[in-house]
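1. Make a model of this:
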Amino acid sequence: MSDLPGLRRAVATDRVALVAMQEAAYEPNRIVAGRLPLPLRWDYADVLRDWEVWLAEDEAGLTGALILQLRPEDLYIESVSVAPRCKGGGLGNRLLEAATLRAGHLGRSTVRLLTNELYRSNVAWYGRKGFSIEWIEDLGDRRIVHMLRHLQSNG
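-> All right, here's what the predicted structure looks like:
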């Protein structure tokens, strides 16, 4: 498996710390949407078993997480999260760039993700990072923005 600079692959014993960091990181989204964000509904034992989870940390603990699912046609970003104490320091940018690097390692030319339309700053941030809106899914009580980024081919 290819390494991602500055990140380490999570193991089962990271579950408690990962859940706590995710809860803190996604709290602003819960408030905006008025509902529990999807990453807070997951069983993290399953997440750690079934998906790639990459962690950033410092001396105080976890600072961020990148959760990826390798699919036949793309690399799907399930979650990019940054601990509240680390917001604004560029870690989100590093995590997103790590996802792009991982896609290249895996031979994928497309990276996909989704976000709630109410998280306008997230939609804008992903747009600045090269993602475009693929489609918007109307679920009646919410609208989900599906985004993708096509990567440059090295060939």
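2. drop to CA atoms for contacts and neighbour counts, all remaining ones
-> Will do.
3. Give me the buried positions along the longest helix along the chain.
-> Across the chain, the longest stretch assigned as helix under DSSP state H is helix 15-33. Buried residues in helix 15-33, defined by neighbour count with 16 or more other CA atoms under 10 Å: 15, 18, 19, 21, 22, 23, 25, 26, 29.
4. Tell me the gap between that helix and the middle of its chain.
-> Distance of helix 15-33 from the chain centroid (CA atoms, centre = their mean, to the nearest Å) equals 12 Å.
5. All further residue positions should be reported with the first residue as 464.
-> Got it, first residue is 464 now, which makes that one helix 478-496.
6. Convert the helix or strand following it to PDB, retaining C-alpha atoms only.
-> Sequence-wise, the next helix or strand downstream of helix 478-496 (DSSP states H and E) is helix 507-513. Output of helix 507-513 as PDB, limited to C-alpha atoms (Å, rounded to 0.1, in the frame of the first residue of the first chain):
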ATOM      1  CA  TYR A 507     -16.800   3.000  12.800                       C
ATOM      2  CA  ALA A 508     -15.800  -0.600  13.400                       C
ATOM      3  CA  ASP A 509     -17.300  -1.200   9.900                       C
ATOM      4  CA  VAL A 510     -15.600   2.000   8.500                       C
ATOM      5  CA  LEU A 511     -12.200   0.900   9.800                       C
ATOM      6  CA  ARG A 512     -12.700  -2.600   8.300                       C
ATOM      7  CA  ASP A 513     -14.200  -1.700   5.000                       C
END
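7. Thank you, goodbye.
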